[in-house]
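>>> After the sequence you'll find the predicted model.
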Amino acid sequence: QVQLQESGPGLVKPSQTLSLTCTVSGGSITTNYYYWSWVRQPPGKGLEWIGYINYAGNTYYSPSLKSRASFSRDTSKNQFFLQLSSVTPEDTAVYYCARGLPEEYDYWGPGTQVTVSS
């Protein structure tokens, strides 16, 4: 059973960088041919896909966030990371990590609330 767990600060100040970690257990993030996504849900809105880092370390970013988002990973710890720079209150959301691509996720983390506020 694959499990994902998000972690990181719950409060970030405007203009700073949001940094989140997704820790995966029960399966390796380097296993062919899995994709590991970041997804967020702002209050009162639908899910927004941020992008993915895949089994080979390749990344893809949603065009709307490409200029500010960055993914990386630590294979020794079976973790992958999200950094989102220059945050504004509009980046306030519940952030999820998931295995798979939009419409095809099979495992999700429980989500972590991130609030952008001074």
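Happy to help now that I have it. All values reported here derive from a predicted model rather than from experimental measurement.

>>> which residues touch Lys45?
Contact analysis of Lys45 by CB atoms under 8 Å, 6 or more residues apart in numbering lists nothing. For glycine as for every other residue, the C-beta is placed from the backbone atoms N, C-alpha and C.

>>> Distance check, it against Asn32.
34 Å (CB to CB, to the nearest Å).

>>> Could you do Leu82 as well?
Taken as CB to CB, the span from Leu82 to Asn32 is 23 Å.

>>> Looking at those two, which has the bigger crowd around it?
Counted by other CB atoms under 10 Å, Leu82 and Asn32 do not tie: Leu82 has more neighbours, with 23 against 8.

>>> Report the contact partners of the more buried one.
Contacts of Leu82 (CB under 8 Å, 6+ apart): 18-20, 22, 38, 50, 69-71, 95, 97.

>>> What confidence value was assigned to it?
Per-residue pLDDT puts Leu82 at 98.

>>> buried stuff in the strand or helix carrying it?
Assigned by DSSP states H and E, Leu82 falls within strand 79-84. Neighbour-count burial for strand 79-84, counted by 16 or more other CB atoms under 10 Å, picks out 79-82, 84.
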